[in-house]
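Q: generate coordinates for the sequence data below:
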Amino acid sequence: MTIRSVFATVFISIASAASGADTVVGTWKTENGETSAIQPCGSNYCIVAKSGRYAGQQIGFFSRAGDTYTGRLTDPRTKTTYSGRLIVSGNSLKLRGCATRVLCKTQTWTRLN
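A: Numbering: from 1, shown residues only. Purely as a prediction, here's the structure:
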């Protein structure tokens, strides 16, 4: 193996690891100014409220499918669960919850870290 092929292999490995990073993981500022954390839960992801009245409660559970995360969201006020979808774009997170296909609400959260 030549030095050139070793560098190519290392570069490809680093690029693959970087592109496979879970960009959804982190702390996010919600539209109402509170914070929530998205963290791994086994092979999936959980959303946990970190501040406000519902701090410590799990409010979402998602699995990854390409660049989209699908799962369920729970309104902590009513304990109602909705189907949900997350899409990350840089430091912005679009979170969409739907009771039916036509009754949906979308929020945009901002990454804190």
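Q: drop to CA atoms for contacts and neighbour counts, all remaining ones
A: Noted.
Q: for Gly84, helix, strand, or coil?
A: Classification of Gly84 using DSSP: H, G, I helix; E, B strand; the rest coil returns strand.
Q: so what's the residue nearest to it when sequence neighbours are not counted bridging to?
A: Leaving aside its sequence neighbours, Gly84 sits nearest to Gly97 (CA to CA, 6 or more residues apart in numbering; 4.3 Å). As for beta bridges, Gly97 partners with Gly84, Lys105 under DSSP bridges.
Q: again with Gly60
A: Ile47, Leu73.
Q: just to check, it is in contact with Ala49?
A: No. Taking contacts as CA atoms under 8 Å, Gly60 lies outside contact range of Ala49: 9.3 Å.
Q: how about the strands in this protein?
A: All strands of the chain, identified by DSSP state E, fall at 26-29, 35-41, 44-49, 58-65, 68-75, 80-89, 92-98, 104-111.
Q: how about these in TSV, adding mean neighbour count and mean pLDDT?
A: Output for the strands of the chain, formatted as TSV (neighbours: other CA atoms under 10 Å; pLDDT from 0 to 100):
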stretch	mean neighbour count	mean pLDDT
strand 26-29	20	97
strand 35-41	20	97
strand 44-49	21	97
strand 58-65	19	95
strand 68-75	19	94
strand 80-89	18	94
strand 92-98	18	94
strand 104-111	16	96
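Q: centroid-nearest residue for the protein?
A: By CA atoms, centre = their mean, the chain has its centre lying nearest to Val24, at 3.4 Å.
Q: residues in contact with Tyr54?
A: Pro76 (CA atoms under 8 Å, 6 or more residues apart in numbering).
Q: so how far is Arg72 from it?
A: Tyr54 sits 17 Å away from Arg72, going by CA to CA, to the nearest Å.
Q: kindly report the same for Thr80.
A: Counting by CA to CA, the separation of Thr80 from Arg72 is 10 Å.
Q: with Val102 instead?
A: According to CA to CA, Val102 stands 16 Å off from Arg72.
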